[in-house]
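Peer 1: Show me how the following folds:
(one chain, ligands or ions: 1)
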Amino acid sequence: MKLEIKDVSFSYGKDRILFKNVSFTLDKGRIFSVLGANGAGKSTLLKCIANLLRPCRGEICLDGVSLHRMEQREVARKIGYVPQTHTAAYGYLVRDFVVMGRAPYLRAFEKPSGEDYRMAEEVLEEMEIIHLADRPYTELSGGEAQKVMIARTIVQQPDIILMDEPTNHLDYGNQMRMMKMIMKLAGKGFGILMTSHMPDHVLLLEGEVGILNDEGEFITGKAADIMTEDNLSRLYRAKLDLVFMEELNRKICICKDVCDDYREIV
Ligand SMILES: Nc1ncnc2c1ncn2[C@@H]1O[C@H](COP(=O)(O)OP(=O)(O)OP(=O)(O)O)[C@@H](O)[C@H]1O
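Peer 2: Numbers count the residues shown, from 1 in each chain. The predicted model follows:
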């Protein structure tokens, strides 16, 4: 399974192109992270790839076939999408909510089978949230709901999982467990495309990175090559530092002096 984003541009109106000429590929088992300031268009890009929005230029292909030539049900078997926030209209029990991930495999009005429920429970167990199985989805905390959404997407068994800020709402321990889970999912062969506001998480994951800047341009490369102090400081308009930590054998991203004003350093 190969996802190809070919020269994609998007605009919500006629006046402003949000991003232009975005190109990259994602294979099974790989991690691709998208970084960008607030409002740069990261979520919009993910929605285009989930086939929920249509780019004004370019093409998005799965194994050489344009998403627009595929039925949404077929896309849903290959691409799972975890939005940044999700509001359920009805208080489904978590186990029923998670089993809805099987929908792309069911016929109209067909109910999920015992095997579908078994699969949902297995994923809930693996994610250590089985204790939530009989709670209404609408009563969960933001972090719990985020994990349940991810469980539903795994149950969908796509090749590619799109995650819009997967550590959103999570406490620090759960953020680290989420990083571990993303690596584990990639290890199992899922292609992971995620957005993040946390450069250090992206350094930790070590995959490919795309940086969406204020001008709507997209630069890509390996995390170690593209995540330079200069690129990150420019992106976030703050003086950021990459410090090598021997214990970790990698660079970490910190802001040594929060009082440093970016305007004074460029
Ligand atoms: N449906 C819409 N119609 C018009 N403009 C929109 C729509 N959705 C988003 N926008 C605008 O498009 C821009 C990009 O939004 P988007 O949510 O993709 O950014 P983002 O990079 O994910 O931001 P954040 O990091 O704050 O989540 C923003 O200026 C936003 O206000």
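
Peer 1: Please count neighbours and contacts with C-alpha atoms only from this point.
Peer 2: Noted.

Peer 1: excluding its backbone neighbours, what's nearest the residue in the stretch 101-250 of the chain that the ligand sits nearest to?
Peer 2: Closest to the ligand within the stretch 101-250 of the chain is residue 197: 7.1 Å, counting by C-alpha to the nearest ligand atom. Spatial nearest neighbour of residue 197, excluding adjacent residues (C-alpha to C-alpha, 6 or more residues apart in numbering): residue 35 at 6.4 Å.

Peer 1: Just to be sure, the one you found is in a strand?
Peer 2: Yes: with DSSP: H, G, I helix; E, B strand; the rest coil as the criterion, residue 35 is part of a strand.

Peer 1: Work out for me the element residue 253 sits within.
Peer 2: Under the criterion of DSSP states H and E, residue 253 resides in strand 250-254.

Peer 1: Please name every helix or strand in contact with that strand.
Peer 2: helix 199-205, strand 241-245 (3 or more C-alpha pairs under 8 Å, 6 or more residues apart in numbering; DSSP states H and E).

Peer 1: Adjacent strands (with direction) for that strand?
Peer 2: Strand pairing for strand 250-254, determined by DSSP bridges: strand 241-245 (antiparallel).

Peer 1: CA atoms of the partner strand as PDB?
Peer 2: Taking C-alpha atoms only, strand 241-245 is exported to PDB below (Å, rounded to 0.1, in the frame of the first residue of the first chain):
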ATOM      1  CA  ASP A 241      17.200  24.900  20.700                       C
ATOM      2  CA  LEU A 242      18.100  21.400  19.700                       C
ATOM      3  CA  VAL A 243      20.200  19.800  22.400                       C
ATOM      4  CA  PHE A 244      22.000  16.500  22.100                       C
ATOM      5  CA  MET A 245      21.300  14.300  25.200                       C
END
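
Peer 1: For that strand, buried residues please.
Peer 2: By neighbour count on 16 or more other C-alpha atoms under 10 Å, the buried set for strand 241-245 is 241, 242.

Peer 1: before we move on, the earlier item: let me have the helices and strands packed on strand 250-254 in a markdown table, extended by mean pLDDT and distance to the ligand.
Peer 2: Formatted as a markdown table, those follow (pLDDT from 0 to 100; distance: least, C-alpha to the nearest ligand atom, whole Å):
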| stretch | mean pLDDT | distance to the ligand |
| --- | --- | --- |
| helix 199-205 | 95 | 13 |
| strand 241-245 | 93 | 21 |
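
Peer 1: So which of the ones you listed is nearest residue 217?
Peer 2: helix 199-205 (18.3 Å; C-alpha to C-alpha).

Peer 1: Off-centre distance for the closest one?
Peer 2: Offset of helix 199-205 from its chain centre (C-alpha atoms, centre = their mean, to the nearest Å): 13 Å.

Peer 1: wait, the residue nearest to residue 197 sits on residue 200?
Peer 2: No: between residue 35 and residue 200 there is no contact, the gap being 11.2 Å when judged by C-alpha atoms under 8 Å.
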